[in-house]
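Asker: everything below, folded, please.
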Amino acid sequence: MCDESFRYPDFVFAALRDDAGERRVAIESKGDQLAGNLDTEYKRELLETLTKAYSKNAGTKAGELPMTAKSVEYEAAVVLFSDMLVKLPVLING
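Answerer: Numbers count the residues shown, from 1 in each chain. Just a heads-up that it's a prediction; the model follows:
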């Protein structure tokens, strides 16, 4: 079920923080008509898994590649177009 187009999320950006930390965000945007379909839900679950795996509190386990920067937050999400104005500022600011 892995979609070839998912190798490239719609948006990836980094936001610098006052304390010199960094927040990395990946967003997969979807039209409202795609809410709840199998592909959207697959991507939502995948991005939630990535967010948990690379969050600051996740820790590194044997065989995993750690994030190299000291203070990096990571979050990935599927955002419907109708939720973009509400969810985008939250994703940017954390």
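Asker: distance from the chain centre to the host helix or strand of E75, please.
Answerer: Assigning secondary structure by DSSP states H and E places E75 in strand 72-80. Here the centre of strand 72-80 is set off from its chain's centre by 2 Å, with Cα atoms, centre = their mean, to the nearest Å.
Asker: and that strand, which strands flank it?
Answerer: Sheet pairing for strand 72-80, assigned by DSSP bridges, gives strand 22-30 (parallel).
Asker: so which helix or strand of this structure has the lowest pLDDT on average?
Answerer: Least confident helix or strand, the chain: strand 11-16 with a mean of 75, by mean pLDDT, DSSP states H and E.
Asker: please compute how far that strand lies from its chain's middle.
Answerer: The mean C-alpha position of strand 11-16 is separated from the chain mean by 10 Å, Cα atoms, centre = their mean.
Asker: tilt between it and strand 72-80?
Answerer: Relative orientation of strand 11-16 versus strand 72-80 (axes from the mean of the first three to the mean of the last three Cα atoms, to 10 degrees): 140 degrees.
Asker: who are the packing partners of strand 11-16?
Answerer: For strand 11-16, the elements it packs on are strand 22-30, helix 84-93, judged by 3 or more Cβ pairs under 8 Å, 6 or more residues apart in numbering; DSSP states H and E. For glycine as for every other residue, the C-beta is placed from the backbone atoms N, C-alpha and C.
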